[in-house]
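Asker: sequence isn't available, so here's the structure alone:
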């Protein structure tokens, strides 16, 4: 394994735990990262362009099913990112009501 691969793997394994990370935490973090600065907005725009959100995926002629699967996978990730930024989670009730 190359030194660069080891560095990336070390970085990934040292990421904080997701234990206790709520949907609201996710929503707030994504908004802060991608909409909280001009740099974040530029990065978001670049990621969305990779997912071809504003254009049709280039599939070729004849259509290559593997290329199509990759293109739609990229698009799905971009859509998931948009959803994380735009869809504020609803707060769940803390207690359930007892039937009387």
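Answerer: Now that the structure is in, tell me what you want to look at. Owing to the predicted nature of the structure, the values given are computational and were not obtained by experimental measurement.
Asker: tell me the pLDDT at the residue nearest in space to the middle of the chain?
Answerer: Among the residues of the chain, the one closest to the centroid is residue 81, at 3.5 Å (Cα atoms, centre = their mean). Residue 81 is assigned 95 on the pLDDT scale.
Asker: what's the nearest residue to it if we skip its chain neighbours?
Answerer: Of all residues not flanking residue 81 in the chain, residue 47 sits nearest, at 6.3 Å (Cβ to Cβ, 6 or more residues apart in numbering). All C-beta atoms are positioned from the backbone trio N, CA, C, and that covers glycine.
Asker: the one you found and residue 79 touch, don't they?
Answerer: No. The criterion here is Cβ atoms under 8 Å, and residue 47 misses it with residue 79 at 11.1 Å.
Asker: so the residue nearest to residue 81, which of the three states?
Answerer: The three-state assignment at residue 47 reads helix, by DSSP: H, G, I helix; E, B strand; the rest coil.
Asker: state the distance from residue 76 to residue 5.
Answerer: 26 Å (Cβ to Cβ, to the nearest Å).
Asker: just the buried positions in the host helix or strand of the residue nearest to the centre of the chain, please.
Answerer: Per DSSP states H and E: residue 81 is located in helix 65-86. Residues of helix 65-86 classed as buried by neighbour count (16 or more other Cβ atoms under 10 Å): 71, 74, 75, 78, 81, 82, 84, 85.
Asker: the residue nearest to the centre of the chain and residue 2, how far apart?
Answerer: Taking Cβ to Cβ, one finds residue 81 at 29 Å from residue 2.
Asker: again with residue 85
Answerer: According to Cβ to Cβ, residue 85 and residue 2 sit 34 Å apart.
Asker: residue 11 too?
Answerer: Residue 11 is 14 Å from residue 2, by Cβ to Cβ.
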